[in-house]
Structures are given as C-alpha cells and as structure tokens.
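**Q** Coordinates for the following, if possible.
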Amino acid sequence: MPDFLVIISIVLVALFFDFLNGFHDAANSIATVVSTRVLPPRSAVLWAAFFNFVAAFGFGVAVASTVGKGIVDASIVNEWFILATLIGAIAWDIITWYFGLPSSSSHALIGGLIGAALVTAGPVGIISEGILKVLTFIVVSPLVGLVVGLLLCAITFRLGQKLGNRNATAYFKRFQLVSAALYSLGHGTNDAQKTMGIISVLLFSAGYLGPTFYVPFYVVLLAHAAIALGTYAGGWRIVRTMGMRITKLVPQGGFSAETAAASTLFATAAVGIPVSTTHTIAGAIIGVGSVRRFSAVRWGVARRIIWAWILTIPASAAISALALVAIRGLLSL
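**A** I've put the predicted structure just below:
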C-alpha cells in the first residue's frame, strides 16, 4: 500500500485543482449577471459559490463514476499516475487563465488522464467508449446550449416587447438570480464530480476503498467545498471574455443563456457524461447574441475560444505525459 502521506498530499493537489477549476470557471457562473448589472461582482461570486456547494446534496455521482472508471483502465492507475494527471490539468488551467481564455478544466483533467495512460500502458489503457462520449459532447454540448439559448432568447425578447422594455428588464433581472443559481448548481454538479472521480480512483487504487469502486460522501463534501472556494476567489480575466467580449448581454439574454446552459448540464450529469460547463455556457451566449443579429457576436473572440477548446485535451495530455516521465525518472534516482 502506498505511503499514506503521499496519498494525502496528492488528494490536496486534487483539491487545489478543484479550487482552480472554480477559480477558472467563476466566469461561467457569474459573467452574465455581472455584465447585465444584476449583481455586483463580489455578490455574484458569493451567490455562485453558495450554489456550487449546495450541489453536493442530492445530485448523485454519475459523472464522478465515469471519470473514476470510465476514461482509463483503473488497474493501471497509481498515485504517480494521478499526480501527473493533475499536473497536466493544473498547468493548462493556469496557462489559459493567464491569457483570459475560457478553456475547459474538465477536458484538461481528461487530457491529463489520457496522457498518463498512454505513458503507462499505451492506447490499451484508454477506454475508447468513455473517450468517444467526451469527444462527442465537445461538439454536442455547446451546440445544445446555442440552440436552446437562441430559442429561449427569441421567446423572452417577444415577451419583452409585450411587457415593454422597462418592465421586461425589471422582471428578467429578478429571473436572472434564479437562472444564475440553477447554472451554478449545474456547474457544481458537473465539475466538482470530476475531482471526486480522481480522488476516489486514487483511494481505490491505493486500497483504501476496498474491492469495489465507489465515491465516499466525505470526498463529495471536500470537492464541493474546494470548487465553491475557488468560485468565490473568482477568475476576473475570464469574466471579461465571457460576459463582455463575446457579445453584449441584457437581462433577457443573460437569463436565456444561463437557463439553456443549466438545463444542458443537468441532463448530461444525470446520465454521467462529463461535459464542459465552459463550452456549454459559451455556446448559449453565442446563441443569445445571434438572436439580435449575426454580427452581434464577436466571432474573432469566439474563434480564439474554440482554438483553446481544440487544444485543451492534447495539450494537457502532453504535459501530463511529460510529467509522468519526469516523476518516474526522479523516483529511479
């Protein structure tokens, strides 16, 4: 059995990744309510962080189980495998945060798993069915967010015309508090579960969970607490990109984008598909911007975001692979 202190240290690294996930993805949860001036920034992150944590209760662990045993063969996993995975994901998160790019922390983690698996066992260490689901929903989740956001926005703008602009703005500012809470619940439900899966597979591979893989409730609480704290810290560089640079949002649009993204996240979490919350909300915001006119979306910014999405899995996989080779080299000294 691996040294207990080593396992605890790697669990702390995983929780740091979870904190960084919340920090990096705070923009997803609050950009719309900040850009539409429904809440000031600090109140918005507190609102989002609270619902990130509340998601720990009653939303299951289907995504955590997929990450823990559905992406790579659990038999090849050890503590150094997990450490390299986390290094790959954390490094890519920091790089994209620095440049203000809303890339996916979820896909960075999955890329890290793939890189470590390729070094450990080659392609046979990867579960193709799980990877196919992830790759499929890289495309599907933002498209679903875009279409649902577009439809909801068309409906809410029609309602706004009947209510009058001033009344519509007042109503949808209130509704946006609800939609932001729902999105934050979806974000916590989906993203915290990826860290739960990583910690649980680490404990399982080290022999601390017995013969059957499961996600302990204390791991659920730790993961949600870490992501909530990260969200409260807030990644302001990315807030500007998501809330202000893709398209100009009004309360009806903000409500539509958050509701579209939240419904997509709840649906995918229920069936255990680890989608990107970043991709989903960005797709919804683009859909909302397109309702007014196609040119309302700043497509140059959108292209930069899409390139970050494309590069996330291979880049984090490469960093993870190099990290595992380096760790093995140090261990053999």
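**Q** sec struct for residue 60, please.
**A** coil (DSSP: H, G, I helix; E, B strand; the rest coil).
**Q** so who does it touch?
**A** Residue 60 is in contact with 269-270, counting by Cβ atoms under 8 Å, 6 or more residues apart in numbering. Heads up, the C-betas are built off the backbone N, CA and C, glycines and all.
**Q** could we number from 559 for the rest of this?
**A** Yep, numbering from 559; the last one is residue 618 now.
**Q** pretty sure residue 841 contacts residue 698?
**A** No. Under the criterion of Cβ atoms under 8 Å, residue 841 makes no contact with residue 698, lying 9.7 Å away.
**Q** Where does the prediction get shaky in this protein?
**A** Residues of the chain meeting the criterion pLDDT under 70: 559-560, 584-587, 589, 660, 723, 792-807, 849-860, 862-863, 891.
**Q** which is the next helix or strand following the lengthiest helix in it?
**A** Counting residues, the longest helix found in the chain (DSSP state H) is helix 723-763. Of the helices and strands lying after helix 723-763 in sequence (DSSP states H and E), the nearest is helix 775-791.
**Q** Okay, buried residues for that following helix please.
**A** 777-778, 780-790 (16 or more other Cβ atoms under 10 Å).
**Q** For it, name the packing helices and strands.
**A** Counting contacts by 3 or more Cβ pairs under 8 Å, 6 or more residues apart in numbering; DSSP states H and E, helix 775-791 packs against helix 562-593, helix 599-612, helix 723-763.
**Q** Next, the angle helix 723-763 makes with that helix.
**A** 140 degrees (axes from the mean of the first three to the mean of the last three Cα atoms, to 10 degrees).
**Q** quick one: helix 775-791 to chain centroid distance?
**A** Relative to the chain's own centre, helix 775-791 is displaced by 13 Å; criterion: Cα atoms, centre = their mean, to the nearest Å.
**Q** just stretch 732-752 next, same as before
**A** Using Cα atoms, centre = their mean, the mean C-alpha position of stretch 732-752 is found 11 Å from that of the whole chain.
**Q** do you know how far residue 823 is from residue 743?
**A** Counting by Cβ to Cβ, to the nearest Å, the gap from residue 823 to residue 743 is 8 Å.
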